[in-house]
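Participant: Build me a structure from this.
(one chain, ligands or ions: 1)
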Amino acid sequence: MSEKIYLYPVWIRLWHALNAILIILLIITGVSMQFTNPDNPFIRFDIAVKMHNISGMILTLNYLFFLAGTIVTPNGKHYKITLKGLTGRIIKQFTYYTFGIFKHEPTPFPVTKDSKFNPLQQFTYVAAMFFLVPIVIITGWALLYPELVLTKFFGGSGLKVNDFIHVIIGFFVSFFMFVHVYFCTIGATFVSNFKSMINGFHETH
Ligand code: HEM
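Facilitator: So this is what the prediction gives:
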C-alpha cells in the first residue's frame, strides 16, 4: 500500500522551482555564449550575456534563501552526512539501482519523515548545493567584477583560471541536473516524484 508523507515544505518548492528555471536559463545562455558561431549565434551575444548575468544574480539571492532555510528550518537535518559507514551505504544504494530494482527488491533506505534522501541522493545534493553551485556563483561574480579581485591580485591569468573553473563546474552542475531528473523518474510511478515537488507529498512504493 502506498502512503503519502509531507516532505517538501512550500519554501523548498518555491526555491526549487525558481532554481530549476534559472539553471536551465543559465545553461542555455551559457552554451550559446560558449559554443555558437559568433556570426550566427543561437541567442544574440549581448542578449545572452545580459540574460546570463541577470539569471546569475537572481540565482545568488535564491541560493542565499536556500542557505538560510537550511540553517533555520528542520529541513537542514537531511543535509547532515554521517561519515561513518557512508561508503558502505552508497554502495548498497548503488547496487540497488543497478541490480535490486530490476528484481523488484525493496528499497534499502525507505523514505521517512526523518530521512527523506537515500545515501546517493544525500551525497549528490550536498555536493551540488554546498560545493558545485557556490563555486559557480563565486566565480560568476568574479567574472562580472574582475577588476575587484582577479586582475588586481592575480593578474590576467587569474581571469583565465577563474573562467575555466566557472565553465567546468557549470558543466558539472548541468550534468548533475540531467542525472537528477533521470533519477527523479524512479519513484512510485514515473511522475510521482515530480508531483511531490508541486504538492509537497512524497508517495512511497
Ligand atoms: C528541470 C529541472 C529539475 C527537476 C525536474 C527536478 C526535480 C526534482 C524532484 C522531483 C525532486 C524531489 C525528489 C527528490 O528529493 O529527489 C527534487 C529535489 C531536489 N532537487 Fe531538483 N529538479 C530539477 C533541477 C534541480 C537543480 C538544477 C538542482 C540544483 C542545482 C536541484 C536540486 C534539488 C535538491 C537539493 C532537492 C532536494 C530538496 C529538499 O527536499 O531539500 N534540482 N528535484
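Participant: For residue 130, give its distance to the ligand.
Facilitator: Computed as Cβ to the nearest ligand atom, to the nearest Å, the residue 130 to the ligand distance reads 10 Å. Just so you know, the C-beta spots here come from the backbone N, C-alpha and C atoms, and that holds for glycine as well.
Participant: my read is that residue is in a strand, agree?
Facilitator: No - under the criterion used here (DSSP: H, G, I helix; E, B strand; the rest coil), residue 130 is helix, not part of a strand.
Participant: so who does the nearest residue to it once chain neighbours are set aside touch?
Facilitator: What sits nearest to residue 130 in space, not counting adjacent residues and going by Cβ to Cβ, 6 or more residues apart in numbering, is residue 79, at 7.5 Å. Applying Cβ atoms under 8 Å, 6 or more residues apart in numbering to residue 79 gives the contacts 70, 122, 125-126, 129-130.
Participant: Name the member of these that has the highest neighbour count.
Facilitator: residue 122 (22 neighbours; other Cβ atoms under 10 Å).
Participant: Look at it and tell me its secondary structure.
Facilitator: On the basis of three-state DSSP, residue 122 is classed as helix.
Participant: from what I can see it touches residue 83, true?
Facilitator: No - using Cβ atoms under 8 Å, residue 122 is not in contact with residue 83, being 11.7 Å away.
Participant: which bits of this structure sit near the ligand?
Facilitator: Neighbours of the ligand within the chain, by Cβ under 6 Å from any ligand atom: 8, 12, 16, 19-20, 23, 75, 78, 121, 125, 128-129, 133, 173, 177, 180-181, 184, 193-194, 196-197.
Participant: Going through these, which ones are buried?
Facilitator: Buried residues within the residues of the chain next to the ligand, counting neighbours by 16 or more other Cβ atoms under 10 Å: 8, 12, 19, 23, 75, 78, 121, 125, 128-129, 133, 173, 177, 184, 193, 196-197.
Participant: Could you tell me how far the least confident helix or strand in the chain by mean pLDDT lies from the centre of the chain?
Facilitator: When the helices and strands of the chain are scored by mean pLDDT, DSSP states H and E, helix 155-184 comes last with a mean of 92. Mean-position distance between helix 155-184 and its chain equals 11 Å (Cα atoms, centre = their mean, to the nearest Å).
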